[in-house]
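after the sequence you'll find the predicted model.
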Amino acid sequence: MNNWNFFREAVKNFRSTGAIARASPVLIKRLISAIPSHVPLNVVELGPGEGCITRALLQRLHPESRLTAFEINPAFVRRLQLNQDPRLQVLPIGADRLTDHLAEGSVDFVVSSLPLSMIDQPVKGRIIGQSRRVLKPGGQYLQYQYALQDYGLLKDSFPNVSVSFTLANLPPAFVYSCSLGLL
């Protein structure tokens with residue numbers, strides 16, 4: 001999907017996409033840099049859109065890893081399904097249904113591009129709560145956002161939250177790294 005097609009799809013479905021441009025390579029690197037590549041992992045991606053972070057994850061992940069993507073936009077689902085990587089499973093359902101498909105304590109990393117600020121509070125709470133439940137002890141929830149308005153929600157949900165920032169994105173973005181602090 002080229003930049004123009006992404007922009008057109010994003011504008012058409014802005015409330016669920018929450019972006020006007022793809023994540024930049026700098027943002028992607030910062031978002032997924034904590035994910036090790038030398039061990040098999042179970043990774044979940046929430047709101048992958050057209051798949052720029054998905055592709056970076058598949059390049060980074062160990063050959064025996066598993067990546068499960070939750071995406072509700074049908075055009076993006078079709079685009080993601082073009083990936084021929086057997087490690088990727090694309091589920092055309094909302095991120096608030098994580099625990100319907102994943103066991104508690106079964107996921108090493110949840111990587112989210114969801115536009116949290118545009119999601120109703122009860123749904124957002126379910127997504128964060130279910131993300132926390134599916135994480136293994138020592139697992140991490142990684143999220144990028146364009147504002148700090150959901151910092152409190154993440155801080156209330158995870159005992160360890162760190163935030164970094166990059167100007168090298170349109171618009172500039174905050175990257176949250178959240179963990180339960182258990183190993």
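That came through fine. Everything quoted here is computed from the prediction, not taken from an experiment. Residues are numbered from 1 along each chain as shown.

any buried residues in stretch 35-55, and which?
35, 41-55 (16 or more other CB atoms under 10 Å). For glycine as for every other residue, the C-beta is placed from the backbone atoms N, C-alpha and C.

and what of stretch 133-144?
In stretch 133-144, counting by 16+ other CB under 10 Å, buried: 134-136, 139-144.

same check, this time on stretch 151-158
Buried residues in stretch 151-158 (16+ other CB under 10 Å): 154, 157-158.

also stretch 119-130?
119, 124, 126-128, 130.

is it possible to export these to CSV including secondary structure, pLDDT and distance to residue 60?
Output for the buried residues of stretch 119-130, formatted as CSV (DSSP: H, G, I helix; E, B strand; the rest coil; pLDDT from 0 to 100; distance: CB to CB, whole Å):
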residue, secondary structure, pLDDT, distance to residue 60
119, coil, 95, 27
124, helix, 97, 27
126, helix, 98, 28
127, helix, 98, 24
128, helix, 98, 24
130, helix, 98, 24
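
between those, which is nearest residue 21?
residue 119 (19.9 Å; CB to CB).

list the contacts for the closest one?
residue 127 (CB atoms under 8 Å, 6 or more residues apart in numbering).

distance of it from residue 96?
Taking CB to CB, to the nearest Å as the measure, residue 119 falls 9 Å from residue 96.

go on, residue 164?
27 Å.

these two - which one has more neighbours?
The neighbour comparison of residue 164 against residue 96 (other CB atoms under 10 Å) goes to residue 96, with 21 against 13.

with that, I have no additional questions.
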